[in-house]
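> everything below, folded, please.
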Amino acid sequence: MIWTIAPGEAADAARRFREFFETFGITLPNPAAPEKARQLAAEREQFRGSKQFDKADALRNEINDLGYEIEDTPKGPFLWPQAKKRN
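Numbers count the residues shown, from 1 in each chain. Now for the predicted structure:
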């Protein structure tokens, strides 16, 4: 399962995937979320831990307004860029 991979192993695998695709001239985007979104996610975790779900939901909305979705995983929150809407 993906959540059993150690952070160092995951970073190494990501680096290898990037190098592989770059061999073919394909540059993968960097999925790192901005600091503000990461801060809000950390605050949201604190509210979730103390069962203040209304406040946690409000922070989820702020994260969404920044263009990111948050997924709760066994390793903590994971931020994904929102899919761009097609016209």
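
> which parts of the helix or strand bottoming out on mean pLDDT in the chain are buried?
None of the helices or strands of the chain scores lower by mean pLDDT, DSSP states H and E than helix 7-23, at a mean of 84. By 16 or more other Cβ atoms under 10 Å, helix 7-23 has no buried positions at all. C-betas here are computed from N, CA, C, even on glycine.

> report pLDDT for the residue nearest the centre of the chain.
Centroid-nearest residue in the chain, with Cα atoms, centre = their mean: Leu79, separated by 2.0 Å. We have a pLDDT of 90 for Leu79.

> which of the three states applies to it?
strand (DSSP: H, G, I helix; E, B strand; the rest coil).

> residues in contact with it?
Neighbour list for Leu79: 33, 37-38, 41, 63, 68-71 [criterion: Cβ atoms under 8 Å, 6 or more residues apart in numbering].

> and it, bridged to which residues?
Beta bridges link Leu79 to Ile70, judged by DSSP bridges.

> quick one on the thing from earlier: quick one: average confidence on whatever helix or strand comes next after the least confident helix or strand of the chain?
Later in the chain than helix 7-23, the nearest helix or strand by DSSP states H and E is helix 35-49. For helix 35-49, the mean pLDDT works out to 95.

> buried residues in helix 35-49, which are they?
Neighbour-count burial for helix 35-49 flags 37, 40-41, 44-45, 47-48 (criterion: 16+ other Cβ under 10 Å).

> name the nearest of the residues you listed relative to Leu59.
Within the buried residues of helix 35-49, the smallest distance to Leu59 is 4.0 Å, found for Arg44 (Cβ to Cβ).

> tell me how many other residues crowd the residue lying closest to that closest one once chain neighbours are set aside.
Nearest residue to Arg44 in three dimensions, chain neighbours excluded: Leu59, at 4.0 Å (Cβ to Cβ, 6 or more residues apart in numbering). When counting by other Cβ atoms under 10 Å, one arrives at 20 neighbours for Leu59.
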